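Q: what would the 3D arrangement of this be:
(one chain, ligands or ions: 1)
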Amino acid sequence: MSAERTVLEDQVVAEVRERRDELCDLVAQLVALDTTARQPDDPPRGEVALQGLLADRLAALGAAVDLWEPEPTGKGNRFVPDDLDFAGRPQLVATLAGAGGGRSLLLNGHIDAVDVEPRDKWSSDPFAATEREGRLYGRGVNDMKGGIAALVVALEALRAVGVALRGNVVFCTVTDEESSGAGGRAAVAHGVRADAGLCAEATDFDAWVACRGTVTPTISVEGRAGHAEMPQPHWSDGGAVNAIEKIVPVLEGVRGLREDWRRRADHRHPLLAPGDIVPVLIGGGTWIVTYPHSCALTCDITYLPGHVDAEGTGRRVEAEVESRLRAAVAADPWFAEHPLRIEWSDDVVPAEIPGDHPLVSLALDVAGSFGRAGRVAGLDSWHDAASFTRGGTPCFSFGPDGIGSAHAVDECVTVDALVDFCAAAAVTAMRWCAVAS
Ligand SMILES: [Zn+2]
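A: So this is what the prediction gives:
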């Protein structure tokens, strides 16, 4: 495929450039709707309004719109939090039917954004997207309401120029990416599929084709309460046991595991950092003059796509961590009678697609024609592309700039980059789905 653009492609690009203000206006409309990622019990916010706004824009192009609230997650699903309900948090799939004979394309984005704290540090209202010196500022402008708006305007520009695609375009926006990926998983379970797809995360025109997954253990150590200022007999004679001190060999086990993973060949990946285990929360003790009777340590574990087992889970990683941490305390007879308790929360499963997947090569080539030459890369965190890939749609992230400001005060995206991404998305759709007329 040549980087040269056709006359028709250039007409679409010109149409996108005419819509620069319209694009910024749509970003502002999305940013104004508060869709801050939820804590488990938070009420819904602007999700219905935002998905409804997108559904209306897509319906106006003739898309078949499906806006639905998934069933609550219930209990015991290892991949999603327990009892997550989607009342007031609909997922959207809007399908633009092609003329036939072309490949289908998934265009995805997540509508949730992280919170705006510390809000008083922002230079302007985080819910009022503001342009200053060529950049748009606001919560979610790059992660990832800017990308979503660009996908919508790309499809509108194609329509305005009269381009009919052969393959279907499947536009899908979901909730709950920042917390658990439950929205994307629900979309896959709902049947959202295409021949290939992209998530419009702010990758600065790189193609993130691989990511790491996450499992999260909480390791609890038991102690025995007693007066902290009174001499204690040995524990085998009923003396107090300090659970905070008992967590020390667990922490050493964690460090040993991390160093081991950094050295091991099976933790090497050309695009990703090795698996890691990082203590992130600790809590123990009840009173300033009492031996703590318990201590709990939570770790964030990232793992590579190569460590996913045949069932599509991170159970192998969990088993290794459990056996290593139990071994780390085995020398202490206290643990024979009071074993470590290890509980695991959601398994956020990683995925990867080949760096030379035809849609990846195509998108990078198109971006290059705008002077936005990106490269094949990986994301050391996680993105919804992994769920779609595991669900049968090879998917990667590809979008405008600004990831350095994601989740931060004064989150921003460069307007020129956003417009170029919008144009690149339109041309990518033309080349992938093929043009009927
Ligand atoms: Zn994101």
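Q: residue of the stretch 301-437 of the chain closest to the ion, please.
A: His383 (6.3 Å; CB to the ion). C-beta here means a position set from N, CA and C on the backbone, and glycine is covered the same way.
Q: for Ala59, grab the count of nearby residues.
A: Applying other CB atoms under 10 Å, we find 13 residues neighbouring Ala59.
Q: could you pull up the residues touching the residue of the stretch 1-150 of the chain at minimum distance from the ion?
A: Here the stretch 1-150 of the chain gets closest to the ion at one residue, Asp143, 4.2 Å apart by CB to the ion. Asp143 sits next to 113-114, 201-202, 402-403, 406-407, 411 when contact means CB atoms under 8 Å, 6 or more residues apart in numbering.
Q: mind listing which of the residues you listed are in strands?
A: With DSSP state E as the criterion, strands contain none of those.
Q: next, format those residues as JSON lines and append pLDDT and distance to the ion.
A: Shown next, in JSON lines, are those (pLDDT from 0 to 100; distance: CB to the ion, whole Å):
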{"residue": "Ala113", "pLDDT": "97", "distance to the ion": "8"}
{"residue": "Val114", "pLDDT": "95", "distance to the ion": "9"}
{"residue": "Glu201", "pLDDT": "97", "distance to the ion": "5"}
{"residue": "Ala202", "pLDDT": "96", "distance to the ion": "8"}
{"residue": "Gly402", "pLDDT": "77", "distance to the ion": "11"}
{"residue": "Ile403", "pLDDT": "79", "distance to the ion": "9"}
{"residue": "Ala406", "pLDDT": "85", "distance to the ion": "7"}
{"residue": "His407", "pLDDT": "89", "distance to the ion": "9"}
{"residue": "Glu411", "pLDDT": "96", "distance to the ion": "11"}
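Q: just the buried members of those?
A: Among these, those buried by neighbour count (16 or more other CB atoms under 10 Å) are 113-114, 201-202, 402-403, 406, 411.
Q: dump those residues into TSV; add distance to Leu8 as well.
A: Shown next, in TSV, are the buried ones among the contacts of Asp143 (distance: CB to CB, whole Å):
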residue	distance to Leu8
Ala113	35
Val114	39
Glu201	28
Ala202	28
Gly402	30
Ile403	32
Ala406	34
Glu411	35
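Q: quick check: pLDDT value at Arg264.
A: For Arg264, the model assigns a pLDDT of 97.
Q: so it sits against Pro274, correct?
A: Yes: in terms of CB atoms under 8 Å, Arg264 counts as a neighbour of Pro274; the distance is 7.5 Å.
Q: neighbour count winner among these two?
A: Neighbour totals were compared for Arg264 and Pro274, and Pro274 leads with 19 against 11 (other CB under 10 Å).
Q: quick check, that one in a helix?
A: No: counting by DSSP: H, G, I helix; E, B strand; the rest coil, one finds Pro274 to be coil, located in no helix.
Q: dump the residue contacts of it.
A: Residues in contact with Pro274 (CB under 8 Å, 6+ apart) are 261-262, 264, 267-268, 304.
Q: mark which of those are part of helices, please.
A: 261-262 (DSSP state H).
Q: and which of the contacts of Pro274 is nearest the ion?
A: Leu304 (20.3 Å).
Q: report the contact partners of that closest one.
A: Contacts of Leu304 (CB under 8 Å, 6+ apart): 212-213, 267, 269, 272, 274-275, 350.
Q: what does Gln51 give?
A: 67, 90-92, 111, 173.
Q: who wins for most neighbours among those residues?
A: In terms of neighbour count, Thr173 stands highest of those at 30 neighbours, by other CB under 10 Å.
Q: quick revisit: separation between the residue of the stretch 301-437 of the chain closest to the ion and Cys299?
A: Between His383 and Cys299 the distance is 21 Å, computed by CB to CB, to the nearest Å.
Q: got it, and Arg17?
A: 48 Å.
Q: which one of these two is surrounded by more residues?
A: Cys299 (23 against 14).
Q: I'd assumed Ile282 was in contact with the more buried one.
A: No: counting by CB under 8 Å, Cys299 does not reach Ile282; the two are 9.8 Å apart.
Q: neighbours around the spatially closest residue to Ala385 that is not a sequence neighbour, how many?
A: Closest residue in space to Ala385, ignoring its immediate chain neighbours: Cys395 at 4.1 Å, by CB to CB, 6 or more residues apart in numbering. Counted with other CB under 10 Å, the neighbours of Cys395 add up to 28.
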